[in-house]
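[1] Kindly return the folded structure for what I paste below:
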Amino acid sequence: QAPIKATCEDLSCKTGFPEDVHSAVVSRSVHGGQPLLNVRFRSCDGNKKIHFGSSEPEDFRVGEDGVVYAERSFQLSAEPTEFVVSAQDKETQQEWQMRVKLTPEPAFTGASEKDQRKIEEIIFPWQQYKHSSSLKRQKRDWVIPPINLPENSKGPFPQELVRIRSDRDKSLSLRYSVTGPGADQPPTGIFIINPISGQLSVTKPLDREQIASFHLRAHAVDVNGNQVENPIDIVINVIDMNDNRPEFLHQVWNGTVPEGSKPGTYVMTVTAIDADDPNAQNGMLRYRILSQAPSSPSPNMFTINNETGDIITVAAGLDREKVQQYTLIIQATDMEGNPTYGLSNTATAVIAVTDVNDNPPEFTAMTFYGEVPENRVDVIVANLTVTDKDQPHTQAWNALYRMTGGDPTGRFTILTDPNSNDGLVTVVKPIDFETNRMFVLTVAAENQVPLAKGIQHPPQSTATVSITVIDVNESPYFVPNPKLVRQEEGLMAGSMLTTFTAQDPDRYMQQTSLRYSKLSDPANWLKIDPVNGQITTTAVLDRESIYVQNNMYNATFLASDNGIPPMSGTGTLQIYLLDINDNAPQVHPKEATTCETLQPNAINITAVDPDIDPNAGPFAFELPDTPASIKRNWTIVRISGDHAQLSLRIRFLEAGIYDVPIVITDSGNPHASSTSLLKVKVCQCDLNGDCTDVDRIVGAGLGTGAIIAILLCIIILLILVLMFVVWMKRRDKERQAKQLLIDPEDDVRDNILKYDEEGGGEEDQDYDLSQLQQPDTLEPDAIKPVGIRRLDERPIHAEPQYPVRSAAPHPGDIGDFINEGLKAADNDPTAPPYDSLLVFDYEGSGSTAGSLSSLNSSSSGGEQDYDYLNDWGPRFKKLADMYGGGDD
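    Purely as a prediction, here's the structure:
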């Protein structure tokens, strides 16, 4: 770093630059917006407004305060850079100029600070005016050149940079300080100043990639804190060192290049970045290719622009069918690619060779064969196979087949199988063996995209397809079909109508003549001869039949051969029936209503004839001569060709129902007429001519259909009643069958007997309980044998033989009997281990005892002692409570 010298001269007041040429030493790397120096301009009149300019405005700018700034970032050359700074008075337009010469500072050699220079000293600027004997400071008289400090310095720290001093320190005790980022603002503590000596030092290594420059401000105050000098700006630039390797944006770069590309074809661009200063050699990168794999057909198929990283081809011979992909190792080196001092890094570039249509499809055979049955469509008759060396399933590989000859009528088409790329020859129109027995097609194969420039289709791209047509038994066909026959209706049965024959298209097959049969004949009017196809009638043809639509009757016939397999064809015979006057007209409607008075009493009627013109209307209407009452009571008048009016001839006709015959005649030749009965109801009418009777026109009796319907309803109703009665009787029988057919007098064991008399309550004192104690007094023949049970009783285990107690007059016998039965049950090995029903004795078929409604009412029972029941255990606890509880 060059020493910064501050010189002050006592000059007379003269407006303008103090010197014609101003020299300054600045760093070699200049950044946009960086202050470089301060040009001094003296104005004797402090009110002048001076505007500064530069002869190189694209590189340098001069502020209103005279500070020169760099407009852009650039590197100073070794030779001094010169430009002109001008100053112009805005009022008088007077202009002054000064040349500025910028010299780059010498490069940092890395020598120790003591060997390099002594500590620099910055003195606060001052100026002495002629009319004043004292010194007076001028604000921002100049800008201190930046201090350049290399990054990553190894110390020792703190490292002294510069000494700040004021010339007033001789008469005052001053204190120095610095402010700004790096001092008292984050990051704090990087720069410190000795407040007494003004020594500015750095405390640790700097990193240009984090902060490229520091802008500090130095202050000088007295011991009382009063400012004695205006602050001065100090700029510290961090000099870049080559401490960062280049880094590629991607470790693997992917690119493509079409096969067959010419040398100089652009492929891709790889990019690396260096965190060092891009305007210095430390950040200037150079690219090169270290290796290429594979190395065929040439080890140097590609090259790279060492500055931009663009990869281009340098050799011909790219062929995807031989090499589908190249892998390049790219190296980026800083220091402008200096292999000795530069740092480097590598990345991989993968270049895929894309396919172009440089290989035409070629058939695997010159001739293909196929066969097809006649009259078959959508049938694949041949598979055409091709080979193509291009990339499968691409437009350069997909084949298109085109027929160039042999199919003038377009009976074939060729589709492409998307998986195998084969051509499928398909029949799209029926082929007649009797017309064409063989086809020879010429087919050419192409791709979806044209071949690459300079490549032609070889002969192998064209092939021949030979297709043989197989004769099959075809269906006979009627000629013409349909066949139209015009015939008057009324043709009698057995009459010959026409001949309807078919033809067999199989001229080269040995088979007998055709056989004919009827397939559809809705009215069953026709028959056909099976050999010659002659059609005759079997019934009278009637145009008015429901099977005739628009005078047309359709019948379908079948012709069959005896081929293998047998085939048949159908033909339609259309008979157009011509009308004859075979139907007489009828009156419509058949019923009408009129009033019994003369006015109003007109009835409108219409004549209906199934025939058509000229055998239909206009019609003639008249009344018959007999009976005479018809013309006496009625009159008829035709109002149009199809309509007439019937009205009363007399003034009054008694209410009732009258049958009025009407004779209607059509216009046919010969005429056809009929007498139709019109049933007229004559009724009493109101003023509006509406009938006031509630009676309706009915016939002499009910119709047959109505009678049948009534009878069916009656029969159904009777059947339902009968079924209900049978069901009720059946249900009663089922109830009776469920009841037990057991005589209660025959077996009363284990049953609750229902007695008609329950006793008289407390007044019933005439019961003898001794009957319960002497069952043995009953007749022996009334006792059933042991083991006999009712049919509805659940069988248990084999019955043990319990001891038979003897008759005893004392009630204690009951306890002894129960004890004996209990012991026998406990000692019985066949007894179940759970509580069950035990039969102790047979009670007999009858009982001499009376009602049991009140046991305590008996005098004998009331004197018995039942306290012993308490000794029989818990099983008799309930019984002991009932009888052993005293009078309560």
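[2] could you pull out the strands for the stretch 101-250 of the chain?
    Remark: strands assigned in the stretch 101-250 of the chain by DSSP state E, counting those that start in this stretch are 120-123, 147-150, 159-165, 174-179, 191-193, 199-202, 213-222, 232-239, 247-248.
[3] could those strands go into JSON lines alongside distance to P522 and mean neighbour count?
    All C-beta spots, glycine's among them, are computed from the backbone N, C-alpha and C. Converted to JSON lines, the strands of the stretch 101-250 of the chain look like this (distance: least, Cβ to Cβ, whole Å; neighbours: other Cβ atoms under 10 Å):
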{"stretch": "strand 120-123", "distance to P522": "128", "mean neighbour count": "18"}
{"stretch": "strand 147-150", "distance to P522": "117", "mean neighbour count": "19"}
{"stretch": "strand 159-165", "distance to P522": "124", "mean neighbour count": "19"}
{"stretch": "strand 174-179", "distance to P522": "119", "mean neighbour count": "19"}
{"stretch": "strand 191-193", "distance to P522": "119", "mean neighbour count": "21"}
{"stretch": "strand 199-202", "distance to P522": "120", "mean neighbour count": "20"}
{"stretch": "strand 213-222", "distance to P522": "111", "mean neighbour count": "18"}
{"stretch": "strand 232-239", "distance to P522": "112", "mean neighbour count": "21"}
{"stretch": "strand 247-248", "distance to P522": "91", "mean neighbour count": "17"}
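[4] Now render those strands as CSV, adding distance to V381 and mean pLDDT.
    Output for those, formatted as CSV (distance: least, Cβ to Cβ, whole Å; pLDDT from 0 to 100):
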stretch, distance to V381, mean pLDDT
strand 120-123, 102, 68
strand 147-150, 87, 89
strand 159-165, 96, 89
strand 174-179, 98, 92
strand 191-193, 95, 94
strand 199-202, 94, 93
strand 213-222, 86, 92
strand 232-239, 85, 91
strand 247-248, 60, 96
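[5] Out of those, which gets nearest to N524?
    strand 247-248 (97.2 Å; Cβ to Cβ).
[6] and that closest one, how far from the chain's centre?
    45 Å (Cα atoms, centre = their mean, to the nearest Å).
[7] partners of it, with directions?
    strand 272-273 (antiparallel) (DSSP bridges).
[8] what's the partner strand in contact with?
    246-249, 285, 287, 309, 332, 345, 347 (Cβ atoms under 8 Å, 6 or more residues apart in numbering).
[9] if we can go back for a sec, could you export the strands of the stretch 101-250 of the chain as a markdown table, including distance to T385?
    Shown next, in a markdown table, are these (distance: least, Cβ to Cβ, whole Å):
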| stretch | distance to T385 |
| --- | --- |
| strand 120-123 | 90 |
| strand 147-150 | 75 |
| strand 159-165 | 84 |
| strand 174-179 | 88 |
| strand 191-193 | 84 |
| strand 199-202 | 82 |
| strand 213-222 | 75 |
| strand 232-239 | 74 |
| strand 247-248 | 48 |
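[10] Could you point out which of those sits nearest G32?
    The nearest among the strands of the stretch 101-250 of the chain, by Cβ to Cβ, is strand 213-222 at 11.9 Å.
[11] Show me the helices in this structure, by range?
    With helices called from DSSP state H, the chain shows them at 113-116, 628-633, 704-738, 812-827, 859-862, 877-883.
[12] Of those helices, which shows the lowest average pLDDT?
    Lowest mean pLDDT within those: helix 113-116, a mean of 41.
[13] List the buried residues of stretch 521-538.
    Residues of stretch 521-538 classed as buried: 521, 525-528, 533-535, 537 (neighbour count, 16 or more other Cβ atoms under 10 Å).
[14] tell me the two of those that are most distant?
    Taking Cβ to Cβ, no two of the buried residues of stretch 521-538 sit farther apart than W525 and G533, at 16.8 Å.
[15] distance between the ends of stretch 608-623?
    17 Å (Cα to Cα, to the nearest Å).
[16] now stretch 611-630
    29 Å.
[17] Tell me how far it lies from the chain's centre.
    76 Å.
[18] before we move on, back to that, export the helices of the chain to a markdown table and tack on distance to A559 and mean neighbour count?
    Written out in a markdown table, the entries for those read as follows (distance: least, Cβ to Cβ, whole Å; neighbours: other Cβ under 10 Å):
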| stretch | distance to A559 | mean neighbour count |
| --- | --- | --- |
| helix 113-116 | 125 | 10 |
| helix 628-633 | 61 | 14 |
| helix 704-738 | 47 | 9 |
| helix 812-827 | 102 | 14 |
| helix 859-862 | 116 | 13 |
| helix 877-883 | 106 | 13 |
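[19] TSV for those helices, including distance to T265?
    Converted to TSV, the helices of the chain look like this (distance: least, Cβ to Cβ, whole Å):
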stretch	distance to T265
helix 113-116	54
helix 628-633	117
helix 704-738	101
helix 812-827	119
helix 859-862	136
helix 877-883	119
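[20] Out of the ones you listed, the one nearest Q227 is which?
    helix 113-116 (31.6 Å).
[21] returning to what we had before: out of the contacts of strand 272-273, grab the one that's most surrounded.
    Using other Cβ atoms under 10 Å as the neighbour test, those are led by A332, with 27 neighbours.
[22] hang on, H215 packs against P231?
    No. Using Cβ atoms under 8 Å, H215 is not in contact with P231, being 11.8 Å away.
[23] What's the separation between V425 and T462?
    15 Å (Cβ to Cβ, to the nearest Å).
[24] of those two, who's got more company?
    Legend: neighbour count by other Cβ under 10 Å for V425 and T462, higher for V425 (26 against 16).
[25] is that one in a bridge, and if so with what?
    Beta-bridge partners, per DSSP bridges, of V425: A382, I414.
[26] Contacts only, for it.
    368, 370, 380-384, 412-414, 441, 443, 465, 467.
[27] wait, what's in contact with F74?
    Contacts of F74 (Cβ under 8 Å, 6+ apart): 30, 59, 279.
[28] now swap in T692 and tell me
    Counting by Cβ under 8 Å, 6+ apart, T692 has contacts 683-686.
[29] Of the residues you listed, keep whichever come out buried.
    The buried subset of the contacts of T692 - by 16+ other Cβ under 10 Å - is 683, 685.
[30] Tabulate the contacts of T692 (CSV), appending pLDDT.
    CSV is the format used below for these (pLDDT from 0 to 100):
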residue, pLDDT
C683, 86
Q684, 83
C685, 83
D686, 78
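[31] Which ones among the contacts of T692 lie within strands?
    Within these, residues falling in strands by DSSP state E are C683.
[32] Next, format the contacts of T692 as a markdown table and append distance to N359.
    As requested, the contacts of T692 are exported to a markdown table (distance: Cβ to Cβ, whole Å):
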| residue | distance to N359 |
| --- | --- |
| C683 | 105 |
| Q684 | 109 |
| C685 | 106 |
| D686 | 106 |
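[33] Quick check: the farthest pair among the contacts of T692?
    C683 and D686 (10.3 Å).
[34] so what's Q325 bridging to?
    A352.
[35] so how far is P258 from it?
    13 Å.
[36] Spell out which residues are contacts of both of the two.
    Once Cβ under 8 Å, 6+ apart is applied, the residues that Q325 and P258 both contact turn out to be V353.
[37] residue contacts, the nearest residue to N819 once chain neighbours are set aside?
    Among residues not flanking N819 along the chain, W872 sits closest, at 7.7 Å (Cβ to Cβ, 6 or more residues apart in numbering). Shown in contact with W872 (Cβ under 8 Å, 6+ apart): 815, 818-819, 880.
[38] which stretches of the stretch 601-750 of the chain have low pLDDT?
    601, 693-703, 738-750 (pLDDT under 70).
[39] 50 - rerun?
    Applying pLDDT under 50 to the stretch 601-750 of the chain picks out residues 695-701, 740, 742, 744, 747-748.
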